[in-house]
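> Got a sequence here, can you model it:
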Amino acid sequence: MAPKPDSHSVSAANPADPSSQFSIDPLFHILNVIPYSFLRVPRLRLKFPSVSLPSPMTVFSLLLLTYFMVVSGIVYDVIVEPPGIGSTQDPATGSVRPVVFLPGRVNGQYIIEGLSSGFMFVLGGIGIVLLDLALDKNRARSVKSSYAAAGISSIVIAYVMSTLFIRIKIPAYLR
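Down below sits the predicted model:
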């Protein structure tokens with residue numbers, strides 16, 4: 001293989017081009033021409049790093065985790081810094097009981113309340129994915145029916161629990 005010609009070899013230069021080596025400026029001559037008369041630019045054989053795409057299951061898992069964090073109210077938890085769980089005093093006995101849901105405030109939550117609600121939303125989403133897997137024609141009938149049963153039960157559990165959470169949070173809701 002023939003060596004590549006130097007980029008600073010004599011060629012037809014345009015006098016209007018400031019990057020030309022035939023410049024009148026002596027500083028340009030000192031900084032650009034003289035060092036390359038005895039120095040040579042090294043030949044680097046650098047390879048670009050090859051980055052492979054993540055698998056579809058990795059992308060799905062990251063999206064599901066991001067969805068869980070968003071619907072759990074992680075941004076609210078970071079900004080407001082609510083307590084993890086609340087407490088209330090029992091009027092009859094005077095003992096302190098833990099409270100998971102912040103009652104009466106729709107726009108406020110304890111950390112565990114957000115996480116449990118976010119888990120129910122994710123459970124419903126996974127139920128929809130399972131129902132989609134149950135429609136695959138290449139699976140055995142028993143596997144398809146198992147996916148369908150698991151998907152329907154996940155969606156029903158998520159719906160019932162989310163409705164229960166809302167009724168605990170807002171006692172007179174939908175009554």
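> which regions of the chain lie under the pLDDT threshold?
Scanning the chain for pLDDT under 70 picks out the ranges 1-23.
> residue nearest the centroid of it?
When the chain is reduced to its mean C-alpha position, the closest residue under CA atoms, centre = their mean turns out to be T66, at 5.1 Å.
> Does anything pack onto the one helix or strand that one maps to? Which helices or strands?
Counting by DSSP states H and E, the secondary-structure element that holds T66 is helix 56-71. Based on contacts counted as 3 or more CB pairs under 8 Å, 6 or more residues apart in numbering; DSSP states H and E, the elements that helix 56-71 packs against are helix 111-134. (Glycine included, C-beta is placed from N, CA and C.)
> and the helix it packs on, what does it pack onto?
helix 56-71, helix 74-80, helix 141-169.
> R97 should be in a strand, yeah?
Yes. Assignment of R97 by DSSP: H, G, I helix; E, B strand; the rest coil places it within a strand.
> Count residues in the vicinity of it, would you?
For R97, the tally of surrounding residues (other CB atoms under 10 Å) stands at 10.
> Across the sheet, point out what pairs with the nearest residue to T88 once chain neighbours are set aside.
Distances taken as CB to CB, 6 or more residues apart in numbering put V99 closest to T88, at 5.1 Å, once the chain neighbours are dropped. Here V99 sits in beta bridges with G86, going by DSSP bridges.
> And V99, how far from F68?
V99 is 23 Å from F68, where distance means CB to CB, to the nearest Å.
> do K144 as well
The span separating K144 from F68 equals 27 Å under the rule CB to CB.
> ok, now I128?
15 Å.
> between those two, who's got more neighbours?
With neighbours defined as other CB under 10 Å, I128 and F68 compare such that F68 has more, 16 against 13.
> wait, doesn't P98 sit right on Q89?
No. The criterion here is CB atoms under 8 Å, and P98 misses it with Q89 at 11.4 Å.
> if I pick the residue nearest to the centre of the chain, what's in contact with it?
Applying CB atoms under 8 Å, 6 or more residues apart in numbering, we find T66 in contact with no residue.
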